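Enquirer: Okay, sequence plus prediction incoming.
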Amino acid sequence: MGLGFFRTCSQRNNISQVIRLSNNTTIPPVKRIALYLSIVFTLFTLSCSDDQSKEQEIEQLGTLEVKAVYESGTAIPDVTVSTIPRTHEKMTDAMGKAVFTNVPIGNYEVILTPSFSEVSVAVGVRVQENQVAVVEAIMGPDPISETPIDFDVLLNSIYNQLKTEFLFDANGYSHYWGDIGTGMVRINPDSMGRFGDLDNYYFQSGNYVINEVWAEHYRVIRLTNIGLGELMDMDSTSEGEVDFDRFESEFRFLRALLYFNLVKLYGNPVLVTTAEVNFDDPPSFEQGRELVFDQIVEDLIFAQQNLSSGLPKERASKEAATALLGKVYLTMAGFPMRQTDKYGLALKELEKVVGSFTLEENYSDVFSIENESSNSEVIFNIDFDDSGNYSVPWGPRGISFNDRLLLVPNFINSFFEEGMEPSDPVIFPVQNNDSRFQQNIATFSYENGGLTDESLTENWRPYKFGKEMEEPSVMNQESFDYPYLRIADVHLMIAEAENELNGPTTKAYNALNLIRRRAFGDFEHDVQSGLTQEEFSNLILKERRLEFCFEGQFKDDLIRMIALETEMLNYNQNYPELARDFQSHEYIWPIPQSEMSLNPDAVQNEGY
């Protein structure tokens, strides 16, 4: 750890403390670059939502405010702030601040790391109930001159940011968007926290998660833009010292991935491709779905053309850029853009990837920790090490920390052939030919050091990221990698694109049946020819529901394939006592209130 000065205080009792760690340590200077005017204050302008108030009634919580400054008092943006025990990881904003809300009370070590240096500083602080603990870290003298950015350090920082709660942690995209609000799962009324409103389609521009997701994505996008800007500013004498194409390709791949999230979530995000802002003549950033998709495509084409093949799957590679580009084209071809010419482009890109990866022989091996390094199916994943929380917020009863997700009965039945659905009470052993059932549905609970069969299906839970059932999950200590892209997805996207272009051809059937043969272990469950284009499309959607459940893809699938409204209509008819208040415009979230308040040019999404 590096050294510096720290001040801590409690706003309620005005107790202050100064801790001198060193008076002669020099921190490598961090280049100060102006923040985007439209997004700079999204973090610290947020206020607690009703969801948070509900959580505070259950758990004793406080707030931690961290500020990073030079000795002159100048604020330092882009400092990564984390805590031990781990809560979230945040970046300081233009005011040098990072605010952690809803922090369980207790003693913490706060770690601060500048974006372009591996030197860190640490300080202890105590968070008390309903109080704001403030930490000011004087990280060293003001920089006298600029030093070059270490691009590898910056890239590693961005990859690490992908692991945060509002990106791809188990509380992230797959949780707050991809699976809830569908006919697959619903939020447990006893563990709603901040997700209950999102599950029920009570989308408000002031919602805490909707604001934080926007802010977190733009914070990380800004880091990609800083890297790209620095590469552009370097002179030709750096040739040979810096691998320009590799660094630019990785930055652009990561920026495309983040904007792909944003455009699916918010529909019309603000497009920001620079980290430099002239405050005397601030630029007006454009906003809109089509221009953001155009930027995503441009970034991915560049990455595809310049990245190497066969790289570790936790890093951007030629194959990862190609598969993501195919997925982007397929999304553009579907609802709401309906650019049907993109089906052919999607098919062309996706078929490039097929020869480089193979399906794991057993479905369970895709999600095995022991198989992560040799997994032949995963194209790109988010690499978690003793974090990630997969199996923590949801999972088998007695194992899950929160028990947040409940299974919708019709989703359970979709794994069974007609007439073979389980009875209540259940007779064990449960007979099911689809191997995905055992991996995705926990028919047991953990109690008194052992596993117990659950005879009521209402007590079955989502599973997928299985662990050795020796003890309950521990927050921030579960290290399953999140498979963002895998070859099974590519095969089913090929089937979808081919069906849209030419109907259910032999190519489409073959791609779909590859997935079913792995699931059932035989050829007897192949889909037989003779289906209409619509019937085949419905089968693809069903297969995606079973194959990718709890991986955060299903709501995107429903939207792209114009099936979300039908899904909600069927759900509300089948479960009127649990009906969701879905409106047709709610296939996207509103633009956050923080952005609307601070950006006079921002346009709210229709219906909000």
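Expert: Looks like it arrived, so ask away.
Enquirer: Give me the nearest residue to residue 513, chain neighbours excluded.
Expert: Nearest in space to residue 513, with sequence neighbours left out and distances taken as CB to CB, 6 or more residues apart in numbering, is residue 526 at 4.5 Å. Bear in mind the C-beta positions are built from the backbone N, C-alpha and C, glycine included.
Enquirer: Could you pull up the residues touching residue 203?
Expert: Residue 203 sits next to 197, 210, 586, 589, 590, 608 when contact means CB atoms under 8 Å, 6 or more residues apart in numbering.
Enquirer: From the residues you listed, pick the one nearest residue 508.
Expert: Each of the contacts of residue 203 was scored against residue 508 by CB to CB, and residue 586 proved nearest at 31.1 Å.
Enquirer: tell me the helices in the stretch 451-600 of the chain, going along the chain?
Expert: 487-502, 506-520, 533-547, 554-560, 564-574, 593-598 (DSSP state H, counting those that start in this stretch).
Enquirer: between these, which gets nearest to residue 292?
Expert: Taking CB to CB, helix 593-598 is the member of these nearest to residue 292, at 14.4 Å.
Enquirer: tell me the domain ranges of this structure?
Expert: As recorded under automatic domain parsing, the domains making up the chain are 1-147, 149-307, 310-364+485-562, 389-478.
Enquirer: and the last one, average pLDDT?
Expert: The average of the pLDDT scores along domain 389-478 is 86.
Enquirer: swap in stretch 578-597?
Expert: Stretch 578-597 carries an average pLDDT of 96.
Enquirer: Compute the first-to-last residue distance for it.
Expert: End-to-end distance for stretch 578-597, by CA to CA, to the nearest Å: 34 Å.
Enquirer: re earlier: looking at the contacts of residue 203, which is nearest residue 375?
Expert: Of all those, residue 375 sits closest to residue 589, with 32.6 Å by CB to CB.
Enquirer: Show the contacting residues for that closest one.
Expert: Counting by CB under 8 Å, 6+ apart, residue 589 touches 203, 210, 265, 266, 267, 605.
Enquirer: how far away is it from residue 246?
Expert: Separation of residue 589 from residue 246 (CB to CB, to the nearest Å): 35 Å.
Enquirer: What of residue 514?
Expert: 33 Å.
Enquirer: Find the residue closest to residue 336 in space, skipping its chain neighbours.
Expert: In space, residue 336 is closest to residue 587, 7.3 Å off (CB to CB, 6+ apart).
Enquirer: Surely that neighbour touches residue 561?
Expert: No - using CB atoms under 8 Å, residue 587 makes no contact with residue 561, being 11.7 Å away.
Enquirer: Pull up the overlap in contacts between the two.
Expert: residue 335.
Enquirer: and residue 314, what pLDDT?
Expert: Per-residue confidence (pLDDT) for residue 314: 95.
Enquirer: How about the contacts made by it?
Expert: Contacts of residue 314 by CB under 8 Å, 6+ apart are 159, 380, 381, 382, 383, 481.
Enquirer: so the last one touches residue 381, yeah?
Expert: It stands for residue 481. Yes - contact criterion CB under 8 Å: residue 481 and residue 381 qualify, at 4.5 Å.
Enquirer: if we can go back for a sec, looking at the domains of the chain, which is nearest to residue 582?
Expert: domain 149-307 (4.6 Å).
Enquirer: ok, back up a step: of the contacts of residue 203, which is the nearest to residue 111?
Expert: residue 210 (28.0 Å).
Enquirer: Could you say which helix or strand holds that closest one?
Expert: Assigned by DSSP states H and E, residue 210 belongs to helix 208-233.
Enquirer: Quick one: distance of that helix to the chain centre.
Expert: How far helix 208-233 lies from its chain's middle: 14 Å, per CA atoms, centre = their mean, to the nearest Å.
Enquirer: now do stretch 262-269
Expert: Relative to the chain's own centre, stretch 262-269 is displaced by 14 Å; criterion: CA atoms, centre = their mean.
Enquirer: Quick one: residues in contact with it.
Expert: Applying CB under 8 Å, 6+ apart, the set of residues contacting stretch 262-269 from outside is 177, 213-214, 217, 259, 287-289, 292-293, 296, 331, 336, 556, 559, 587-591, 603, 605.
Enquirer: one more time with 7 Å, if that's ok
Expert: Stretch 262-269 has contacts (CB atoms under 7 Å, 6 or more residues apart in numbering) with 177, 213-214, 217, 259, 287-289, 292-293, 556, 588-589, 591, 605.
Enquirer: Then stretch 435-444?
Expert: For stretch 435-444, contacts defined as CB under 7 Å, 6+ apart pick out 363-364, 367, 395-396, 412, 415, 430, 451-454, 460-464, 466, 519, 521, 546-547, 549-550.
Enquirer: please redo it, this time with the cut-off set to 8 Å
Expert: If you take CB under 8 Å, 6+ apart as the criterion, stretch 435-444 is touched by 362-364, 367, 395-397, 399, 407, 412, 415-416, 426, 428, 430, 432, 451-454, 460-464, 466, 518-521, 546-547, 549-550.
Enquirer: Buried residues in that stretch, which are they?
Expert: For stretch 435-444, a neighbour-count test (16 or more other CB atoms under 10 Å) marks 436, 437, 438, 439, 440, 441, 442, 443, 444 as buried.
Enquirer: Just put these in TSV and tack on secondary structure and distance to residue 495.
Expert: Formatted as TSV, the buried residues of stretch 435-444 follow (DSSP: H, G, I helix; E, B strand; the rest coil; distance: CB to CB, whole Å):
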residue	secondary structure	distance to residue 495
436	helix	17
437	helix	22
438	helix	24
439	helix	22
440	helix	21
441	strand	24
442	strand	29
443	coil	30
444	strand	34
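Enquirer: and the residues you listed as CSV, adding distance to residue 84?
Expert: As requested, these are arranged in CSV below (distance: CB to CB, whole Å):
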residue, distance to residue 84
436, 38
437, 39
438, 37
439, 33
440, 34
441, 35
442, 31
443, 37
444, 34
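Enquirer: which of the residues you listed lies closest to residue 599?
Expert: Nearest to residue 599, judged by CB to CB, of these is residue 440 at 41.5 Å.
Enquirer: Ok, which of the domains of the chain comes nearest residue 569?
Expert: Nearest to residue 569, of the domains of the chain and by CB to CB, is domain 149-307 at 10.1 Å.
Enquirer: what's the straight distance from one end of that closest one to the other?
Expert: End-to-end distance of domain 149-307: 21 Å, with CA to CA as the criterion.
Enquirer: mean confidence score for it?
Expert: Across domain 149-307, the average pLDDT comes to 90.
Enquirer: Now do the strands in the stretch 301-450 of the chain.
Expert: Using DSSP state E, counting those that start in this stretch, the strands found in the stretch 301-450 of the chain span residues 378-382, 405-407, 441-442, 444-447, 450-453.
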